[in-house]
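Engineer: Turn this into a structure:
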Amino acid sequence: MALMGATVLEVRTTGSQVNGGGFYNRVPGTSVDYSQQDTAQLTLTDLATNVAGTGLSSATGGFTTEMRGNLIQISGGTLTAGWYEITGYTDTNTVTIDRSAGSSKTGGTGNVGGAFCLGGALDSDFSAMLVDGNKVHVASGTYTLGESCAGTTGGTAAPIIWEGYKTVRGDTPTGTDRPTIACGNYIFTTLGYCQSRNLIFTGTGASVATIGTVSGMYNCKVTNSSATADRAAIIASGENTFIASCEVICTNGRGIYSGSGVRVINCYIHDSSVGIYDAGTHTTILNNVIDTCSSVGIQWTTSNGHMICGNTIYNCATGIYGTTGSLITLINNIITACTTYGIRLTSGGYDLVGLLDYNCFYNPAGTDRLYVTAGPHDVDADPLLTDPANGDFTLDTSSPCFNSGITLDATVGL
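Structural biologist: Alright, predicted model coming up:
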């Protein structure tokens with residue numbers, strides 16, 4: 001056996017690395033969730049197992065029926081260290097756990113319940129023991145990682161979710177109310193079928209956060225402040241990955257480094273060298289603001305099937321830079337105040353084979369297009385952003401971009 005998918009876990013700054021940190025409502029009406037408290041409900045230092053390894057006993061005792069469903073973290077002695085669920089109760093001295101901790105072992109220490117705290121030598125162990133469907137609730141505060149979190153892969157039916165909260169679970173905090181995971185030079189990794197929500201990540205490593213196939217990140221802020229060039233705030237390496245409603249900064253590198261099939265939607269990506277560095281194919285970049293990137297706002301290196309729509313790219317050296325290629329959809333974007341090029345391809349004699357139209361280009365300090373032909377419905381005029389220097393990228397009421405994007409017939413209703 002293993003932990004149940006419906007097990008929920010609690011991370012708090014006031015918790016402990018040695019706590020159980022999780023709960024499954026195994027016996028509704030009887031089981032009590034002891035993970036939502038700072039200290040363990042029970043600490044024992046004389047744990048032993050039976051021949052099967054699933055019978056856990058203590059001469060000191062203190063087990064109760066209410067503990068069924070709680071996780072006990074076992075360490076020390078000859079028992080196999082890790083997190084186990086208490087699945088059955090025999091008496092105050094004996095319980096059953098979900099899987100073997102080793103046959104006829106002795107001298108173990110165990111903590112039942114209590115919230116876990118990121119920030120030590122067990123960070124990766126904690127993230128690696130998660131299974132399909134687990135949700136980790138992260139309370140407001142700052143957690144300084146003690147090692148990289150390698151993560152694990154969730155399941156197709158139920159992902160693994162890390163979700164921040166301010167006061168109560170599910171309150172969807174924003175801004176500085178979100179919990180902060182300070183990675184330093186470590187990396188927070190979630191592999192396939194995992195999601196991170198409502199969190200702030202900071203760091204200086206090769207990347208700060210890495211997300212895998214069929215995974216996502218929502219309402220997060222990720223900052224890589226490294227002085228080293230070409231690092232990343234987020235690496236999105238797998239197919240069908242999404243990054244939505246996030247703020248991303250990478251001082252000397254790439255805000256988002258994406259592989260194939262990644263969707264970047266409604267994000268604010270700014271103060272980076274490259275906003276989005278797309279090394280894959282069939283990427284969707286939709287309705288983002290990309291602001292003040294010293295090199296390029298959006299750069300692609302493999303030129304097939306990208307969709308770049310509805311973005312505002314402001315005050316970059318080059319707004320969009322890509323290899324000459326095929327099937328690029330580039331519509332309804334505003335590219336303005338770029339100092340070198342609004343858009344450029346790597347070579348002449350070609351053009352984007354796809355739809356390049358209904359964009360606004362206004363880059364008086366540079367050149368709007370290089371090796372790119374203007375679309376017949378492009379707007380070459382100041383879009384009149386309200387106050388972009390202070391973060392307001394809405395349109396002034398007199399903007400020439402109003403009603404200038406691609407649309408269906410006026411009678412359709414979109």
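
Engineer: Tell me which helix or strand in the protein has the weakest average pLDDT.
Structural biologist: Of all the helices and strands that make up the chain, strand 353-357 has the lowest average by mean pLDDT, DSSP states H and E, namely a mean of 80.

Engineer: Does it pack against any helices or strands, and if so which?
Structural biologist: The contact analysis (3 or more CB pairs under 8 Å, 6 or more residues apart in numbering; DSSP states H and E) places strand 353-357 against strand 326-331. Glycine gets a C-beta too; all of them are placed from N, C-alpha and C.

Engineer: ok, now with 10 Å
Structural biologist: Identification of packing neighbours for strand 353-357 by 3 or more CB pairs under 10 Å, 6 or more residues apart in numbering; DSSP states H and E yields strand 307-309, strand 326-331.

Engineer: Least reliable of these by average pLDDT, please.
Structural biologist: Sorting the helices and strands packed on strand 353-357 by mean pLDDT places strand 326-331 lowest, at a mean of 83.

Engineer: how close does Ala158 sit to Val296?
Structural biologist: 38 Å (CB to CB, to the nearest Å).

Engineer: which of those two has more neighbours?
Structural biologist: Counted by other CB atoms under 10 Å, Ala158 and Val296 do not tie: Val296 has more neighbours, with 27 against 15.

Engineer: and the gap between the residue sitting furthest away from the middle of the chain and Thr45?
Structural biologist: Distance from the C-alpha centroid of the chain, by CA atoms, centre = their mean, peaks at Ala59 (44.4 Å). As for Ala59, its distance to Thr45 is 10 Å (criterion: CB to CB).

Engineer: for Ile160, same thing?
Structural biologist: Relative to Thr45, Ile160 is positioned 32 Å away (CB to CB).

Engineer: quick one: which of the two has more around it?
Structural biologist: A direct count of neighbours by other CB under 10 Å for Ile160 and Thr45 places Ile160 higher, at 26 against 12.

Engineer: List the contacts of the nearest residue to Thr142 once chain neighbours are set aside.
Structural biologist: Spatial nearest neighbour of Thr142, excluding adjacent residues (CB to CB, 6 or more residues apart in numbering): Thr180 at 4.4 Å. Residues near Thr180 by CB atoms under 10 Å, 6 or more residues apart in numbering: 13, 138, 140-144, 164, 199-202, 221, 223.

Engineer: and what of Ala128?
Structural biologist: Applying CB under 10 Å, 6+ apart, we find Ala128 in contact with Gly82, Leu122, Cys149, Ala150, Gly151, Thr152, Leu191.

Engineer: any idea of the pLDDT on the third one?
Structural biologist: Meaning Cys149. We have a pLDDT of 92 for Cys149.

Engineer: check contacts around it.
Structural biologist: By CB under 10 Å, 6+ apart, Cys149 lies in contact with 118, 123-128, 162, 181, 183, 186-190, 209-210.

Engineer: if we can go back for a sec, could the contacts of Ala128 be laid out in TSV, adding distance to Val18?
Structural biologist: What follows is these, written out as TSV (distance: CB to CB, whole Å):
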residue	distance to Val18
Gly82	12
Leu122	8
Cys149	17
Ala150	20
Gly151	21
Thr152	21
Leu191	25
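
Engineer: Ramachandran coordinates for the residue nearest to Thr142?
Structural biologist: According to degrees, to the nearest 10, the main-chain angles of Thr180 amount to phi -110, psi 130.

Engineer: beta partners of it?
Structural biologist: Beta bridges link Thr180 to Thr142, Ile200, judged by DSSP bridges.

Engineer: in the stretch 1-150 of the chain, which segments are predicted with low confidence?
Structural biologist: For the stretch 1-150 of the chain, the stretches with pLDDT under 70 are 1.

Engineer: any chance you could map the helices in it?
Structural biologist: Taking DSSP state H, counting those that start in this stretch as the criterion, the stretch 1-150 of the chain carries its helices at 123-128.

Engineer: what bridges to Glu247?
Structural biologist: Beta-bridge partners for Glu247, by DSSP bridges, are Lys221, Tyr268.

Engineer: if I pick it, what's in contact with it?
Structural biologist: Counting by CB under 10 Å, 6+ apart, Glu247 makes contact with 175, 200, 219-223, 233, 255, 267-270, 289.

Engineer: and the residue nearest to Gly238 when sequence neighbours are not counted, how far is that from Gly5?
Structural biologist: Spatially, and ignoring its direct neighbours in sequence, Gly238 is nearest to Thr213 (2.9 Å; CB to CB, 6+ apart). Counting by CB to CB, the gap from Thr213 to Gly5 is 19 Å.

Engineer: From the contacts of Glu247, list the buried ones, please.
Structural biologist: Applying 16 or more other CB atoms under 10 Å to these, the neighbour count classes 200, 219-223, 233, 255, 267-270, 289 as buried.

Engineer: Among the residues you listed, find me the one that's closest to Asn359.
Structural biologist: Taking CB to CB as the measure, Asn359 lies nearest Val289 of the buried ones among the contacts of Glu247, at 15.2 Å.

Engineer: State the pLDDT value of the closest one.
Structural biologist: Val289 carries a pLDDT value of 98.

Engineer: Specify the beta-bridge partners of it.
Structural biologist: Listed beta-bridge partners, Val289: Tyr268, Thr312 (assigned using DSSP bridges).

Engineer: Could you verify my assumption that it touches Ile265?
Structural biologist: No: contact status for Val289 versus Ile265: not in contact, 11.9 Å apart, counting by CB atoms under 10 Å.
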